[in-house]
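Q: using only what follows, build the 3D model:
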Amino acid sequence: MKNQCDLIVGIQWGDEGKGKIVDLMAQNYDVVCRYQGGHNAGHTIVVGDKTLALHLIPSGVLNPDAINIIGNGVVISPEALIEEMKQFGDTLEGRLFISDKAHMILDHHILIDQARERLRGAKAIGTTGRGIGPAYGSKIERSGHRIGELRDTQKLTQNLIDYFETYKAIFDAMEIKTPSFDTLKEELDGFAKELLPFVEDTTSLVWKSIDEGKRILLEGAQGTLLDIDHGTYPFVTSSSTISAGACIGLGLNPKDIGKVTGIVKAYCTRVGNGPFPTEDLGEEGKLLGKNGHEFGTTTGRPRRCGWFDAVAVRYASRINGCDQLSLMKLDVLDGFEKVKICVAYEIDGKRVDTLPQSLENITPIYEEFDGWSDSKGVSKYEELPANAKAYVDKIEELTGTKVGLISTGPQRDESIIL
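A: Purely as a prediction, here's the structure:
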(Lines give C-alpha, C1' and ligand atoms only; values in the text may rest on other atoms or scores of the structure.)
Protein backbone atom coordinates (compact mmCIF):
# COMPACT_ATOMS: atom_id res chain seq x y z
CA MET A 1 0.00 0.00 0.00
CA LYS A 2 1.29 3.46 -0.91
CA ASN A 3 2.46 5.68 1.92
CA GLN A 4 -0.01 8.38 2.98
CA CYS A 5 0.38 11.89 4.38
CA ASP A 6 -0.95 12.68 7.84
CA LEU A 7 -2.61 16.05 8.28
CA ILE A 8 -3.13 18.60 11.04
CA VAL A 9 -5.94 21.14 10.71
CA GLY A 10 -7.42 23.88 12.90
CA ILE A 11 -11.03 23.26 13.89
CA GLN A 12 -12.11 26.68 15.19
CA TRP A 13 -11.18 30.25 14.14
CA GLY A 14 -7.45 29.60 14.21
CA ASP A 15 -5.03 30.07 17.14
CA GLU A 16 -5.96 26.60 18.42
CA GLY A 17 -2.38 25.61 19.24
CA LYS A 18 -1.40 23.87 15.99
CA GLY A 19 2.21 24.98 16.40
CA LYS A 20 2.80 22.92 19.51
CA ILE A 21 1.17 19.82 18.02
CA VAL A 22 3.04 20.08 14.72
CA ASP A 23 6.28 20.57 16.63
CA LEU A 24 5.47 17.59 18.87
CA MET A 25 4.51 15.34 15.95
CA ALA A 26 7.20 16.59 13.57
CA GLN A 27 9.86 14.82 15.60
CA ASN A 28 8.51 11.60 14.06
CA TYR A 29 8.20 12.77 10.43
CA ASP A 30 10.67 13.09 7.58
CA VAL A 31 8.84 15.86 5.70
CA VAL A 32 6.61 18.68 7.01
CA CYS A 33 4.57 20.68 4.46
CA ARG A 34 2.65 23.95 4.77
CA TYR A 35 -0.21 24.08 2.25
CA GLN A 36 -2.10 27.42 2.47
CA GLY A 37 -2.29 30.89 4.00
CA GLY A 38 0.41 33.48 4.36
CA HIS A 39 2.27 35.37 7.05
CA ASN A 40 -1.06 36.49 8.50
CA ALA A 41 -1.01 33.20 10.41
CA GLY A 42 1.40 32.36 13.19
CA HIS A 43 2.48 29.37 15.23
CA THR A 44 4.00 29.87 18.66
CA ILE A 45 6.31 27.05 19.71
CA VAL A 46 7.91 26.80 23.14
CA VAL A 47 10.96 24.58 23.51
CA GLY A 48 12.62 24.85 26.89
CA ASP A 49 13.19 28.55 27.59
CA LYS A 50 13.01 29.49 23.90
CA THR A 51 9.85 30.78 22.21
CA LEU A 52 9.65 30.88 18.41
CA ALA A 53 6.94 32.54 16.32
CA LEU A 54 6.69 30.95 12.88
CA HIS A 55 4.57 32.54 10.16
CA LEU A 56 5.62 30.86 6.89
CA ILE A 57 8.27 28.25 7.69
CA PRO A 58 6.71 24.88 8.64
CA SER A 59 6.95 23.93 12.29
CA GLY A 60 9.08 20.90 11.41
CA VAL A 61 12.05 23.27 11.17
CA LEU A 62 12.86 22.40 14.78
CA ASN A 63 13.48 18.79 13.80
CA PRO A 64 17.03 18.86 12.38
CA ASP A 65 16.34 15.73 10.33
CA ALA A 66 13.11 16.94 8.71
CA ILE A 67 12.64 18.52 5.29
CA ASN A 68 10.26 21.51 5.31
CA ILE A 69 8.16 22.47 2.28
CA ILE A 70 6.19 25.66 1.61
CA GLY A 71 3.61 24.59 -0.97
CA ASN A 72 2.10 26.28 -3.98
CA GLY A 73 -1.09 27.11 -2.04
CA VAL A 74 0.77 29.52 0.25
CA VAL A 75 1.05 33.22 -0.62
CA ILE A 76 4.52 34.42 0.31
CA SER A 77 5.77 37.83 1.31
CA PRO A 78 9.42 37.53 0.22
CA GLU A 79 10.44 40.18 2.71
CA ALA A 80 8.67 38.47 5.61
CA LEU A 81 10.04 35.04 4.69
CA ILE A 82 13.61 36.31 4.41
CA GLU A 83 13.31 37.95 7.83
CA GLU A 84 11.91 34.76 9.35
CA MET A 85 14.69 32.66 7.82
CA LYS A 86 17.36 34.81 9.50
CA GLN A 87 16.64 33.37 12.95
CA PHE A 88 17.84 29.97 11.69
CA GLY A 89 21.13 31.18 10.21
CA ASP A 90 22.62 28.81 7.64
CA THR A 91 20.85 25.71 8.99
CA LEU A 92 18.05 25.79 6.38
CA GLU A 93 20.11 24.75 3.37
CA GLY A 94 18.82 21.41 2.11
CA ARG A 95 16.01 21.47 4.70
CA LEU A 96 13.69 24.21 3.39
CA PHE A 97 12.07 24.16 -0.05
CA ILE A 98 9.73 26.79 -1.50
CA SER A 99 7.31 26.00 -4.32
CA ASP A 100 8.15 27.81 -7.55
CA LYS A 101 4.37 28.05 -8.08
CA ALA A 102 3.63 29.86 -4.80
CA HIS A 103 2.34 33.38 -5.40
CA MET A 104 4.11 36.42 -4.00
CA ILE A 105 2.68 39.13 -1.79
CA LEU A 106 4.22 42.39 -3.00
CA ASP A 107 4.03 45.91 -1.58
CA HIS A 108 1.04 46.93 -3.67
CA HIS A 109 -0.99 44.03 -2.27
CA ILE A 110 -0.34 45.24 1.27
CA LEU A 111 -1.24 48.84 0.40
CA ILE A 112 -4.46 47.72 -1.31
CA ASP A 113 -5.39 45.57 1.69
CA GLN A 114 -4.94 48.44 4.13
CA ALA A 115 -6.73 50.93 1.88
CA ARG A 116 -9.74 48.65 1.52
CA GLU A 117 -10.05 48.20 5.26
CA ARG A 118 -9.97 51.98 5.73
CA LEU A 119 -12.66 52.44 3.09
CA ARG A 120 -14.88 49.76 4.68
CA GLY A 121 -14.91 51.72 7.95
CA ALA A 122 -17.34 50.18 10.42
CA LYS A 123 -17.83 47.24 8.04
CA ALA A 124 -14.13 46.31 8.05
CA ILE A 125 -13.49 42.57 7.99
CA GLY A 126 -10.61 42.86 10.45
CA THR A 127 -7.82 41.57 8.22
CA THR A 128 -4.23 41.65 9.37
CA GLY A 129 -3.45 44.17 6.62
CA ARG A 130 -0.63 42.00 5.28
CA GLY A 131 -1.88 41.76 1.69
CA ILE A 132 -3.17 38.19 1.86
CA GLY A 133 -6.57 38.82 0.27
CA PRO A 134 -5.29 41.02 -2.59
CA ALA A 135 -2.52 38.48 -3.34
CA TYR A 136 -5.03 35.63 -3.58
CA GLY A 137 -7.26 37.98 -5.59
CA SER A 138 -4.44 38.60 -8.07
CA LYS A 139 -3.92 34.85 -8.30
CA ILE A 140 -7.58 34.22 -9.11
CA GLU A 141 -7.84 37.07 -11.62
CA ARG A 142 -4.60 35.80 -13.22
CA SER A 143 -2.56 38.93 -12.65
CA GLY A 144 -0.42 37.53 -9.84
CA HIS A 145 3.23 36.53 -9.88
CA ARG A 146 4.91 33.35 -8.66
CA ILE A 147 8.12 32.92 -6.73
CA GLY A 148 9.65 31.11 -9.73
CA GLU A 149 9.45 34.35 -11.73
CA LEU A 150 12.30 35.71 -9.62
CA ARG A 151 14.55 33.75 -11.99
CA ASP A 152 14.07 36.60 -14.49
CA THR A 153 13.70 39.82 -12.51
CA GLN A 154 14.05 42.01 -15.61
CA LYS A 155 10.93 40.47 -17.14
CA LEU A 156 9.08 40.37 -13.80
CA THR A 157 9.79 44.04 -13.14
CA GLN A 158 8.52 45.07 -16.57
CA ASN A 159 5.36 43.00 -16.14
CA LEU A 160 4.66 44.70 -12.81
CA ILE A 161 5.30 48.19 -14.22
CA ASP A 162 2.89 47.42 -17.08
CA TYR A 163 0.30 46.27 -14.53
CA PHE A 164 0.68 49.45 -12.49
CA GLU A 165 0.20 51.54 -15.63
CA THR A 166 -2.89 49.61 -16.70
CA TYR A 167 -4.55 50.13 -13.33
CA LYS A 168 -3.15 53.59 -12.65
CA ALA A 169 -6.58 55.11 -12.08
CA ILE A 170 -7.34 52.61 -9.31
CA PHE A 171 -3.99 53.12 -7.60
CA ASP A 172 -4.44 56.89 -7.81
CA ALA A 173 -7.95 56.65 -6.32
CA MET A 174 -6.55 54.67 -3.38
CA GLU A 175 -3.66 57.15 -3.05
CA ILE A 176 -1.17 54.33 -3.61
CA LYS A 177 2.19 55.37 -5.00
CA THR A 178 3.75 52.75 -7.28
CA PRO A 179 7.55 52.30 -7.50
CA SER A 180 9.85 53.17 -10.36
CA PHE A 181 11.36 50.44 -12.55
CA ASP A 182 14.83 50.77 -10.97
CA THR A 183 13.52 50.74 -7.39
CA LEU A 184 11.35 47.71 -8.03
CA LYS A 185 14.09 45.84 -9.92
CA GLU A 186 16.54 46.38 -7.05
CA GLU A 187 14.03 45.02 -4.54
CA LEU A 188 13.22 41.96 -6.65
CA ASP A 189 16.92 41.26 -7.22
CA GLY A 190 17.36 41.19 -3.44
CA PHE A 191 14.50 38.72 -3.07
CA ALA A 192 15.95 36.54 -5.82
CA LYS A 193 19.38 36.41 -4.22
CA GLU A 194 18.01 35.26 -0.86
CA LEU A 195 15.21 32.92 -1.95
CA LEU A 196 16.11 31.26 -5.26
CA PRO A 197 18.51 28.76 -3.63
CA PHE A 198 15.46 27.33 -1.84
CA VAL A 199 12.97 27.41 -4.76
CA GLU A 200 11.98 23.99 -6.10
CA ASP A 201 9.26 22.05 -7.90
CA THR A 202 7.80 20.99 -4.56
CA THR A 203 4.95 18.97 -6.06
CA SER A 204 7.48 16.56 -7.57
CA LEU A 205 9.43 16.63 -4.30
CA VAL A 206 6.37 15.60 -2.27
CA TRP A 207 5.48 12.86 -4.79
CA LYS A 208 9.04 11.54 -4.62
CA SER A 209 8.88 11.52 -0.82
CA ILE A 210 5.63 9.55 -0.92
CA ASP A 211 7.08 7.02 -3.38
CA GLU A 212 10.15 6.59 -1.16
CA GLY A 213 7.97 5.80 1.85
CA LYS A 214 8.90 8.94 3.77
CA ARG A 215 6.67 9.95 6.69
CA ILE A 216 4.95 13.19 5.68
CA LEU A 217 3.02 15.66 7.82
CA LEU A 218 0.76 18.32 6.27
CA GLU A 219 0.28 21.54 8.22
CA GLY A 220 -2.51 24.05 7.72
CA ALA A 221 -2.77 27.62 8.95
CA GLN A 222 -5.71 29.38 10.63
CA GLY A 223 -8.89 27.35 11.18
CA THR A 224 -11.87 25.72 9.54
CA LEU A 225 -14.32 28.48 10.48
CA LEU A 226 -12.13 30.92 8.51
CA ASP A 227 -12.32 28.84 5.32
CA ILE A 228 -13.23 30.87 2.23
CA ASP A 229 -16.09 28.47 1.32
CA HIS A 230 -17.07 26.79 4.58
CA GLY A 231 -16.33 29.47 7.18
CA THR A 232 -18.26 32.47 8.50
CA TYR A 233 -18.16 34.38 5.20
CA PRO A 234 -17.32 37.22 4.60
CA PHE A 235 -15.37 37.29 7.86
CA VAL A 236 -12.96 34.63 6.66
CA THR A 237 -9.51 34.31 5.17
CA SER A 238 -8.87 34.05 1.42
CA SER A 239 -7.79 30.42 1.18
CA SER A 240 -9.13 26.93 1.79
CA THR A 241 -8.15 26.13 5.37
CA ILE A 242 -9.77 22.68 5.53
CA SER A 243 -8.09 19.32 4.97
CA ALA A 244 -9.17 19.24 1.30
CA GLY A 245 -7.11 22.40 0.79
CA ALA A 246 -3.95 20.36 1.31
CA CYS A 247 -4.51 18.57 -1.99
CA ILE A 248 -4.78 21.84 -3.92
CA GLY A 249 -2.02 23.55 -1.95
CA LEU A 250 0.58 20.83 -2.47
CA GLY A 251 -0.44 18.93 -5.60
CA LEU A 252 -1.75 15.83 -3.84
CA ASN A 253 -4.79 13.72 -4.60
CA PRO A 254 -7.40 12.74 -1.95
CA LYS A 255 -6.00 9.20 -1.72
CA ASP A 256 -2.69 10.65 -0.52
CA ILE A 257 -4.28 11.87 2.73
CA GLY A 258 -3.93 9.59 5.73
CA LYS A 259 -4.75 10.35 9.36
CA VAL A 260 -6.42 13.72 10.04
CA THR A 261 -5.93 15.35 13.44
CA GLY A 262 -8.11 18.34 14.30
CA ILE A 263 -6.69 20.90 16.72
CA VAL A 264 -9.21 22.49 19.05
CA LYS A 265 -9.03 24.62 22.20
CA ALA A 266 -10.87 23.59 25.35
CA TYR A 267 -12.65 26.93 24.98
CA CYS A 268 -12.91 29.23 21.95
CA THR A 269 -11.24 32.38 20.65
CA ARG A 270 -11.46 34.61 17.61
CA VAL A 271 -9.33 37.48 16.28
CA GLY A 272 -10.86 40.26 14.22
CA ASN A 273 -14.47 40.93 13.34
CA GLY A 274 -17.27 38.52 12.57
CA PRO A 275 -19.86 36.40 14.39
CA PHE A 276 -18.85 34.47 17.51
CA PRO A 277 -21.90 32.83 19.15
CA THR A 278 -20.19 31.75 22.39
CA GLU A 279 -18.20 34.94 22.97
CA ASP A 280 -18.23 35.94 26.65
CA LEU A 281 -18.00 39.69 27.08
CA GLY A 282 -18.09 39.48 30.88
CA GLU A 283 -15.54 38.74 33.57
CA GLU A 284 -15.24 35.05 32.66
CA GLY A 285 -14.32 35.92 29.07
CA LYS A 286 -11.68 38.34 30.34
CA LEU A 287 -10.32 35.64 32.67
CA LEU A 288 -10.07 33.16 29.79
CA GLY A 289 -8.05 35.73 27.85
CA LYS A 290 -5.79 36.46 30.81
CA ASN A 291 -5.17 32.83 31.77
CA GLY A 292 -4.67 31.77 28.15
CA HIS A 293 -2.41 34.72 27.21
CA GLU A 294 -4.71 35.29 24.27
CA PHE A 295 -2.89 37.69 22.00
CA GLY A 296 -2.38 37.08 18.29
CA THR A 297 1.03 35.65 17.32
CA THR A 298 1.03 37.74 14.14
CA THR A 299 -0.86 40.89 15.11
CA GLY A 300 -0.50 41.12 18.87
CA ARG A 301 -4.22 41.92 19.00
CA PRO A 302 -6.17 40.58 21.99
CA ARG A 303 -8.32 37.63 21.04
CA ARG A 304 -12.04 37.52 21.74
CA CYS A 305 -12.76 34.66 24.15
CA GLY A 306 -15.72 32.42 24.87
CA TRP A 307 -16.91 28.93 25.66
CA PHE A 308 -16.47 25.70 23.72
CA ASP A 309 -18.88 25.48 20.79
CA ALA A 310 -19.66 21.80 20.21
CA VAL A 311 -21.99 22.56 17.27
CA ALA A 312 -19.21 24.31 15.34
CA VAL A 313 -16.60 21.69 16.28
CA ARG A 314 -18.88 18.82 15.22
CA TYR A 315 -19.37 20.56 11.85
CA ALA A 316 -15.65 21.21 11.43
CA SER A 317 -14.69 17.68 12.43
CA ARG A 318 -17.04 16.26 9.81
CA ILE A 319 -15.94 18.55 6.98
CA ASN A 320 -12.28 17.72 7.66
CA GLY A 321 -12.77 14.00 8.19
CA CYS A 322 -11.05 14.14 11.58
CA ASP A 323 -9.88 10.82 12.97
CA GLN A 324 -9.11 12.44 16.30
CA LEU A 325 -8.95 15.78 18.10
CA SER A 326 -6.07 17.30 20.01
CA LEU A 327 -7.65 19.26 22.86
CA MET A 328 -5.47 22.26 23.69
CA LYS A 329 -5.17 24.54 26.73
CA LEU A 330 -7.29 22.45 29.07
CA ASP A 331 -5.28 23.99 31.93
CA VAL A 332 -6.61 27.47 31.12
CA LEU A 333 -9.95 26.33 32.56
CA ASP A 334 -8.32 25.58 35.94
CA GLY A 335 -10.01 27.49 38.76
CA PHE A 336 -13.39 28.13 37.13
CA GLU A 337 -16.26 27.13 39.42
CA LYS A 338 -18.37 26.24 36.39
CA VAL A 339 -17.45 25.67 32.73
CA LYS A 340 -19.83 25.71 29.78
CA ILE A 341 -20.26 23.93 26.46
CA CYS A 342 -22.58 25.20 23.74
CA VAL A 343 -24.64 22.16 22.73
CA ALA A 344 -27.09 23.86 20.31
CA TYR A 345 -28.28 27.26 19.09
CA GLU A 346 -31.59 29.04 19.43
CA ILE A 347 -32.64 30.89 16.26
CA ASP A 348 -36.03 32.63 16.10
CA GLY A 349 -37.23 30.58 19.04
CA LYS A 350 -36.21 27.25 17.51
CA ARG A 351 -33.46 24.89 18.62
CA VAL A 352 -30.84 24.28 15.91
CA ASP A 353 -28.23 21.53 16.17
CA THR A 354 -26.30 22.26 12.97
CA LEU A 355 -24.15 25.20 11.86
CA PRO A 356 -26.34 27.61 9.85
CA GLN A 357 -25.22 29.74 6.90
CA SER A 358 -25.38 32.86 9.07
CA LEU A 359 -24.28 33.01 12.70
CA GLU A 360 -25.91 36.39 13.31
CA ASN A 361 -28.69 36.71 15.91
CA ILE A 362 -27.94 33.34 17.48
CA THR A 363 -28.39 32.50 21.14
CA PRO A 364 -26.15 29.67 22.35
CA ILE A 365 -27.74 26.92 24.42
CA TYR A 366 -25.29 25.86 27.12
CA GLU A 367 -24.75 22.91 29.40
CA GLU A 368 -22.82 23.71 32.58
CA PHE A 369 -20.26 21.46 34.23
CA ASP A 370 -18.45 21.58 37.54
CA GLY A 371 -14.98 23.05 37.24
CA TRP A 372 -11.62 21.78 38.47
CA SER A 373 -8.11 22.82 39.44
CA ASP A 374 -4.61 21.43 39.05
CA SER A 375 -4.63 20.14 35.47
CA LYS A 376 -1.62 22.33 34.61
CA GLY A 377 1.37 20.26 33.47
CA VAL A 378 -0.35 16.88 33.93
CA SER A 379 1.08 14.30 31.52
CA LYS A 380 -0.89 11.19 32.57
CA TYR A 381 -4.61 10.82 32.00
CA GLU A 382 -5.22 9.10 35.32
CA GLU A 383 -3.82 12.18 37.11
CA LEU A 384 -6.36 14.55 35.56
CA PRO A 385 -9.07 15.81 37.95
CA ALA A 386 -12.31 13.82 37.62
CA ASN A 387 -14.30 16.86 36.46
CA ALA A 388 -11.74 17.57 33.72
CA LYS A 389 -12.10 13.96 32.52
CA ALA A 390 -15.88 14.36 32.46
CA TYR A 391 -15.47 17.53 30.38
CA VAL A 392 -13.29 15.70 27.85
CA ASP A 393 -15.77 12.82 27.69
CA LYS A 394 -18.60 15.25 26.97
CA ILE A 395 -16.63 16.89 24.15
CA GLU A 396 -16.10 13.47 22.56
CA GLU A 397 -19.81 12.68 22.88
CA LEU A 398 -21.02 16.00 21.45
CA THR A 399 -18.54 16.23 18.58
CA GLY A 400 -18.62 12.55 17.62
CA THR A 401 -14.81 12.52 17.51
CA LYS A 402 -12.32 10.91 19.86
CA VAL A 403 -9.78 13.03 21.71
CA GLY A 404 -6.31 11.62 21.04
CA LEU A 405 -4.21 14.19 22.88
CA ILE A 406 -4.79 16.67 25.69
CA SER A 407 -2.46 19.63 26.14
CA THR A 408 -2.03 20.93 29.68
CA GLY A 409 0.65 23.56 29.02
CA PRO A 410 2.88 25.02 26.29
CA GLN A 411 5.86 22.70 26.77
CA ARG A 412 6.23 19.50 24.74
CA ASP A 413 6.05 17.29 27.84
CA GLU A 414 2.88 18.98 29.13
CA SER A 415 0.77 16.65 27.03
CA ILE A 416 -1.37 13.57 27.59
CA ILE A 417 -1.34 11.01 24.79
CA LEU A 418 -4.50 8.92 24.82
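
Q: C-terminal to the lowest-mean-pLDDT helix or strand in the chain, what's the next element?
A: Within the chain, no helix or strand scores below strand 43-47, which has a mean of 69 by mean pLDDT, DSSP states H and E. As assigned by DSSP states H and E, the chain's next helix or strand after strand 43-47 is strand 50-54.

Q: give me the helices and strands touching that following strand, please.
A: The contact analysis (3 or more CB pairs under 8 Å, 6 or more residues apart in numbering; DSSP states H and E) places strand 50-54 against strand 43-47. Placement of C-beta: from N, CA and C, glycine included.

Q: where does the residue located most distally from the centre of the chain fall, helix, sheet strand or coil?
A: Ranked by distance from the centre of the chain (CA atoms, centre = their mean), the top residue is Asp182, with 35.8 Å. Applying DSSP: H, G, I helix; E, B strand; the rest coil to Asp182 yields a three-state assignment of helix.

Q: what segments of the stretch 251-400 of the chain are helices?
A: Taking DSSP state H, counting those that start in this stretch, the helices of the stretch 251-400 of the chain run over residues 283-291, 310-320, 386-399.

Q: would TSV of the ones you listed with mean pLDDT be doable?
A: Output for the helices of the stretch 251-400 of the chain, formatted as TSV (pLDDT from 0 to 100):
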stretch	mean pLDDT
helix 283-291	94
helix 310-320	98
helix 386-399	98
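
Q: and the strands in the stretch 151-300 of the chain?
A: Along the stretch 151-300 of the chain, counting by DSSP state E, counting those that start in this stretch, strands occupy 199-200, 216-219, 257-265, 268-270.

Q: out of these, nearest to Asp374?
A: Closest approach to Asp374 among the strands of the stretch 151-300 of the chain (CB to CB): strand 257-265, 19.4 Å.

Q: that closest one versus helix 283-291: what angle between them?
A: Going by axes from the mean of the first three to the mean of the last three CA atoms, to 10 degrees, strand 257-265 is angled at 120 degrees with respect to helix 283-291.

Q: three-state assignment of the residue lying closest to Ser317 once chain neighbours are set aside?
A: Once flanking residues are discounted, Ser317 sits nearest to Thr401: 4.5 Å by CB to CB, 6 or more residues apart in numbering. When classified by three-state DSSP, Thr401 comes out as coil.

Q: give the contact list for Thr401.
A: Each residue near Thr401 by CB atoms under 8 Å, 6 or more residues apart in numbering is listed here: 262, 313-314, 317, 322-325.

Q: okay, now the closest residue to Glu16 other than its chain neighbours: neighbour count?
A: Using CB to CB, 6+ apart and skipping the chain neighbours, the partner closest in space to Glu16 is Ile263 (4.3 Å). Residues lying near Ile263 (other CB atoms under 10 Å) number 28.

Q: OK, contacts around Ile263?
A: By CB under 8 Å, 6+ apart, the contact list for Ile263 reads 8-11, 16-18, 21, 325-326, 328.

Q: buried subset of those, written for PyMOL?
A: With 16 or more other CB atoms under 10 Å as the criterion, this PyMOL line picks the buried residues out of the contacts of Ile263:
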select buried, resi 8+9+10+11+16+17+18+21+325+326+328
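
Q: adding mean pLDDT and distance to Ala26, write the strands of the stretch 151-300 of the chain out as a markdown table.
A: Listed next are the strands of the stretch 151-300 of the chain as a markdown table, based on pLDDT from 0 to 100; distance: least, CB to CB, whole Å:
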| stretch | mean pLDDT | distance to Ala26 |
| --- | --- | --- |
| strand 199-200 | 98 | 20 |
| strand 216-219 | 96 | 6 |
| strand 257-265 | 97 | 12 |
| strand 268-270 | 95 | 24 |
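
Q: closest to Asp280 out of these?
A: Among the strands of the stretch 151-300 of the chain, strand 268-270 sits nearest to Asp280 (CB to CB), with 9.3 Å.

Q: how distant is the closest one from the center of its chain?
A: From the chain centre to the centre of strand 268-270 is a distance of 13 Å (CA atoms, centre = their mean, to the nearest Å).

Q: same for it, what does it pack against?
A: strand 304-306.

Q: so what touches the strand it packs on?
A: For strand 304-306, contacts defined as CB under 8 Å, 6+ apart pick out 267-271, 276-280, 285-286, 288-289, 292, 294.

Q: helix or strand: which one has Gly137?
A: helix 132-140.

Q: where in this structure is pLDDT low?
A: Residue ranges of the chain with pLDDT under 70: 1-2, 43-44, 47-48, 119, 122-126, 296-299.

Q: domain parsing for it?
A: Structurally, the chain divides into domains by automatic domain parsing as follows: 5-77+203-417, 103-197.

Q: could you identify which of those is most buried?
A: Among those, ranked by average contacts under mean count of other CB atoms under 10 Å, first place goes to domain 5-77+203-417 (a mean of 20).

Q: give me the distance between the two termini of that domain.
A: One end of domain 5-77+203-417 to the other measures 21 Å (CA to CA, to the nearest Å).

Q: make TSV out of the domains of the chain and add distance to Gly94.
A: As requested, the domains of the chain are exported to TSV (distance: least, CB to CB, whole Å):
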stretch	distance to Gly94
domain 5-77+203-417	8
domain 103-197	10
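
Q: closest to Gln87 out of those domains?
A: domain 5-77+203-417 (7.3 Å).
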